[in-house]
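J.: show me the folded form of this:
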Amino acid sequence: MAAADSPSTALRRRDLCSRGIRLAGKMRADVVDLLDAYVEQQGLDASASVVAVEGVPQAAVERWDEQTGTQRLLENLAAYRAFRALLAQMLEEQREQLGEANVGLGRALAAVLLQVSAFAYHLEELLQLESRGIPGEEEDGLPALPHLSLFEQKLRGLGVLRELAQWAVRSVRDLRQLAKPSPATGTVPGLAESP
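T.: All right, here's what the predicted structure looks like:
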């Protein structure tokens, strides 16, 4: 029996998926709260339409049900690594723009950044459980972002937070799929075999 098929590995995977679902749910709630505060602080309209922002990974995916578990995890990992860099840049921009004027927004951004980093680490643990190689950070690097006006920075921030909230929803869905027991055996499917 391969390590990925052992009962202890299946239980560990299910436990990691369950914890990941809780982390993603908490992160989404915090991102939604942050999004409300961000819109208010930046003086933006909450219904403002933001087209796809360069460097921001899109949560929507075609043929989601055809992806393997490994593909799901790798896409999630790449997305959260990108969000980590984008949120760090947003935090730096907020500090430059507002200084100490709005400590609450800075703290909320820093808290979400920490959650994103922790979730990326959690995804790496899941990949290691399956003895999969974890892609290096350089493979997921963001292109150099162009210098943006203050208004463009605000809109990019709005787009980043909206898409991060969508990724949290997708991550919960992906992890639930990975944690599902296989109907034939009653065990959790290996990442490569899951639909």
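J.: quick one: pLDDT of S182?
T.: In the prediction, the pLDDT value recorded for S182 is 58.
J.: so which elements touch the worst-scoring helix or strand of the chain on mean pLDDT?
T.: Across the helices and strands of the chain, the lowest-confidence element by mean pLDDT, DSSP states H and E is helix 69-98, at a mean of 90. Applying 3 or more Cβ pairs under 8 Å, 6 or more residues apart in numbering; DSSP states H and E, we find helix 69-98 packed against helix 103-129, helix 150-179. The way it works is simple: take the backbone N, C-alpha and C, and place the C-beta from them, glycine included.
J.: pretty sure A59 is touching R170, no?
T.: Yes: in this structure, A59 is within contact of R170 by Cβ atoms under 8 Å, at 4.5 Å.
J.: so V172 sits against M27, correct?
T.: No: at 9.6 Å, V172 does not count as touching M27 under the criterion of Cβ under 8 Å.
J.: re earlier: how about the helices and strands packed on helix 69-98, which one is nearest S49?
T.: S49 lies closest to helix 150-179 among the helices and strands packed on helix 69-98, at 9.6 Å (Cβ to Cβ).
J.: list the buried ones in that closest one?
T.: Buried residues in helix 150-179, defined by neighbour count with 16 or more other Cβ atoms under 10 Å: 153-168, 170-172, 174-175, 177-179.
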